[in-house]
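Enquirer: Could you work out the structure for the sequence below:
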Amino acid sequence: LMQQCQGFLVDMGWLRNGETFFCSTPCREAPTFIVAWIMNACDSITLKGSTKPASVERGTYGHAQKMRAAMTYAFGRLHGLGEMSWHPSEVPGNESKMLGNPSVSVHVSSYM
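Expert: Numbering: from 1, shown residues only. A predicted model of the protein is given here:
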């Protein structure tokens, strides 16, 4: 699933070919990218807001949960970010740095 997510982000033009999404310092937009990947695969609505035709195959809610679990594992275990919610640093002058696991963000949780 990590390779599928990486490929999706490259195909969408959100990452350059060779750029790595999965790392110990993910970009600030990582939760949005995770939601877009899950939404594209499992939602009845396209990323542009239109309804997908009934003939288009899409994943179940159970599959969406597995996709999110894969992201939580990738960032939490493989890249050492743990299970703490995604949040800005509280260190003065360093508020632009994000900490925690992007798949355990309010954004991803609200979508799910």
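Enquirer: thought residue 26 was touching residue 74?
Expert: No: in this structure, residue 26 sits apart from residue 74 without contact. The criterion is C-beta atoms under 8 Å, and the distance is 9.9 Å. Quick note: C-beta positions are derived from backbone N, CA and C, even for glycine.
Enquirer: what ranges do the strands span in the protein?
Expert: Listed from the start of the chain, the chain has strands (DSSP state E) covering 87-88, 98-99.
Enquirer: confidence score at residue 94?
Expert: We note a pLDDT of 83 for residue 94 in this prediction.
Enquirer: out of the strands of the chain, deepest packed?
Expert: Of all the strands of the chain, strand 98-99 carries the top mean neighbour count, a mean of 17, counting by mean count of other C-beta atoms under 10 Å.
Enquirer: Please report how far the most centrally placed residue in the chain lies from residue 103.
Expert: When the chain is reduced to its mean C-alpha position, the closest residue under C-alpha atoms, centre = their mean turns out to be residue 34, at 1.6 Å. Going from residue 34 to residue 103 by C-beta to C-beta, to the nearest Å gives 6 Å.
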